[in-house]
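> what shape does this take:
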Amino acid sequence: MSNDKVEFTQMDAMHYDVLREICNIGAGNATTALAKMLNVKVDMQVPKVDLVDFKNLADVVGGAETVDVGILLMLEGNVEGMMMFILEKDTAQKMVRMLMGMPLDDLGEFSEMELSALQEVGNIITGAYLSALSDLTKMYINASIPYLAIDMVGAILSVPAIEFGKIGDKALLIQTEFGEKDTNVNGYFILIPTPDSYDTIFKSLGLL
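So this is what the prediction gives:
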């Protein structure tokens, strides 16, 4: 294959399929870890993976004014960029209460203990995702301490849009869902590698 760089805005079907498969495995690893932590059935739907324009991300994950929980971390090492996990506020609180063995009704604002538990959930699921990505590509990927935000989706997503808007306008969006009727968790992983990191990933897999 050519040693030319792959423009991630113009990837061919093969490169896109490889990214989809990597994202599927990463999301599967993360949701399995979370389901086991919550002690719920790992009845996971096949994750949906799309390459989405930054300007459309908010609409895809529920609307710019929807209040969600966002867990954000920066990536360093062989792969650089940003990763986020976003889920609805009520879903996040139910998830934390399940983890802590608390009743799921009468949801209000997060307590300090719930916020701390949510931060730990963020550590576990993002760590599981990146561990799968690292194993697949045989590359070193280091992540910052997750930053937790509870805000409108538009505000949460403004961070990667500002940070990475100058080098590209697309993100990999992975929608994942698992659990049973009363314990269903529906969330979104957003992976934003730098353009050079896409090349690094493809080279590690022998595609460049």
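
> for the strand ranked longest in the chain, output the C-alpha coordinates as CSV.
With DSSP state E setting the assignment, residue counts place strand 67-77 as the longest strand in the chain. Output in CSV follows, covering the C-alpha atoms of strand 67-77 (Å, rounded to 0.1, in the frame of the first residue of the first chain):
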residue,chain,number,x,y,z
VAL,A,67,-28.9,17.8,30.2
ASP,A,68,-26.4,14.9,30.1
VAL,A,69,-23.4,13.6,31.9
GLY,A,70,-20.1,13.8,30.0
ILE,A,71,-16.9,12.0,31.0
LEU,A,72,-14.0,13.5,29.0
LEU,A,73,-10.3,12.6,28.9
MET,A,74,-7.3,13.5,26.8
LEU,A,75,-5.3,10.8,25.0
GLU,A,76,-1.5,10.7,24.8
GLY,A,77,1.2,8.3,23.7
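
> so which elements touch it?
strand 81-88, helix 89-100, helix 112-137, strand 141-143, strand 147-152, helix 153-164 (3 or more Cβ pairs under 8 Å, 6 or more residues apart in numbering; DSSP states H and E). In short, each C-beta sits where N, CA and C put it, glycine included.

> residues in contact with the second one?
When contacts are taken as Cβ atoms under 8 Å, 6 or more residues apart in numbering, the neighbours of helix 89-100 outside the stretch itself are 34, 37-40, 67-69, 87, 103-104, 107, 110, 113-114, 117-118, 121, 150, 183, 185-187.

> go through that helix and flag the buried ones.
Residues of helix 89-100 classed as buried by neighbour count (16 or more other Cβ atoms under 10 Å): K89, T91, A92, Q93, K94, M95, V96, R97, M98, L99.

> with respect to E80, which of those residues is nearest?
Proximity of the buried residues of helix 89-100 to E80, judged by Cβ to Cβ, is greatest for A92, which lies at 27.3 Å.

> could you check the angle strand 81-88 makes with the helix or strand hosting A30?
Using DSSP states H and E, A30 sits in helix 13-38. When axes from the mean of the first three to the mean of the last three Cα atoms, to 10 degrees is applied, the directions of helix 13-38 and strand 81-88 differ by 50 degrees.

> next one: helix 13-38 to chain centre, how far?
The chain centroid and the centroid of helix 13-38 are separated by 10 Å, computed with Cα atoms, centre = their mean, to the nearest Å.

> again, but for stretch 102-121
From the chain centre to the centre of stretch 102-121 is a distance of 20 Å (Cα atoms, centre = their mean).

> give me the distance between the two termini of it.
In stretch 102-121, first residue to last residue: 16 Å (Cα to Cα, to the nearest Å).

> which of the residues in it are buried?
Within stretch 102-121, the residues that qualify as buried are M102, F110, E114, A117, L118, V121, counting by 16+ other Cβ under 10 Å.
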